[in-house]
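Participant: Prediction below, plus the sequence it came from.
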Amino acid sequence: MVKIVLDAGHGLHTPGKRSPDGEREWSFNNQVVLACIRKLKSYKGVEILRVDDPTGERDVPLRERTDRANHWKADFYVAVHHNAHSGKWGQWSGVETYTYEHPHANPISVELAHFIQPRMVRAMGLTDRGVKRANFHVLRETAMPAILTEGGFMDSTIDIRALRSVEKLETQGEAIADGVAAYFGLRESSVGKEAGEKPNLDERETTPSRWLVKEFQEAVDLGITNGADPRRSATREEVAVMIVRAMKNIKGW
């Protein structure tokens, strides 16, 4: 069982945490977290703890959030945020992910960040600002690997279009969940199925994730994969075959 903590940063009424037009950061964060929870629940062997106030009315103190996560003995902590530069509209842009800045920081945090950051970038369609380090409370005071995501700038005339899209925010949440699942090797469940019963085609994940459609089709066109069950976890032998096929394409074997 993998225990995941999710944290929609701040609260609905936290001063200063809003776009120049007054849109609240917590509202953006909340949409991402809700989508992430829904997606994580589609995987087997996952427990989820949300440590912010799901109504947004209370800005839960950071110490309370990390204490709950530590007491629960979580395996991974994800704090979801959206950025601000100056509080006034500008052209800055991009998605970034933070891990703890310390010589003895948990290296798994960095590994997980590298699983999640590129998926978020594709989901939002924004500039990749990379994986960075910082001394944020939720990264420093958690006893488990932890990351803090910044899914775009609220005061960016570029990024705000993505932040105002429910579809983009939900896709960002799904991207975080899929990154977690990929790292921990989680498999999607077949809810409501009798033992040994095969799911109907309509009930299976027969299409690639929305932010990976182009790349997946290119892999099919190159003969790296046959295109079947794109979201199913691959076995080691399947991965080995796909690597060999990719190498043949690169080297012109």
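Facilitator: Yep, it's here.

Participant: Return the distance of stretch 52-66 from the chain's centre.
Facilitator: 20 Å (Cα atoms, centre = their mean, to the nearest Å).

Participant: can you list contacts of that stretch?
Facilitator: Taking Cβ atoms under 8 Å, 6 or more residues apart in numbering as the criterion, the residues outside stretch 52-66 that touch it are 7-14, 24, 26-27, 30, 33, 51, 77, 137-138, 141-142. From N, CA and C alone the C-beta is placed, and that goes for glycine too.

Participant: Narrow these to those that are buried.
Facilitator: 7-12, 24, 26-27, 30, 33, 51, 77, 138, 141-142 (16 or more other Cβ atoms under 10 Å).

Participant: In strands, which of these fall?
Facilitator: 7, 8, 77 (DSSP state E).

Participant: mind exporting the helix or strand encompassing residue 65 as CSV, just the C-alpha atoms?
Facilitator: Assigned by DSSP states H and E, residue 65 falls within helix 62-72. Output for helix 62-72, consisting of C-alpha atoms alone and laid out as CSV, is shown next (Å, rounded to 0.1, in the frame of the first residue of the first chain):
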residue,chain,number,x,y,z
LEU,A,62,2.0,24.4,7.7
ARG,A,63,3.1,22.7,10.9
GLU,A,64,-0.3,21.0,11.2
ARG,A,65,-0.1,19.8,7.6
THR,A,66,3.3,18.2,8.0
ASP,A,67,2.6,16.8,11.4
ARG,A,68,-0.5,15.0,10.1
ALA,A,69,1.6,13.6,7.2
ASN,A,70,4.4,12.4,9.5
HIS,A,71,2.0,10.9,12.0
TRP,A,72,0.2,9.0,9.1
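
Participant: Look at residue 132 and tell me its secondary structure.
Facilitator: Look at residue 132: counting by DSSP: H, G, I helix; E, B strand; the rest coil, its state is strand.

Participant: That one against residue 95, yeah?
Facilitator: No - with contacts defined as Cβ atoms under 8 Å, residue 132 does not count as touching residue 95, sitting 11.2 Å away.

Participant: which of those two has more neighbours?
Facilitator: The residue with the greater number of neighbours, taking residue 132 and residue 95 and applying other Cβ atoms under 10 Å, is residue 95; the counts read 29 against 14.

Participant: Can you list phi and psi of the more buried one for me?
Facilitator: Summarising the backbone geometry of residue 95 under the convention degrees, to the nearest 10, its torsions are phi -110, psi 140.

Participant: can I assume it is in contact with residue 116?
Facilitator: No - the pair residue 95 and residue 116 fails to qualify as a contact (Cβ under 8 Å) at a distance of 10.1 Å.
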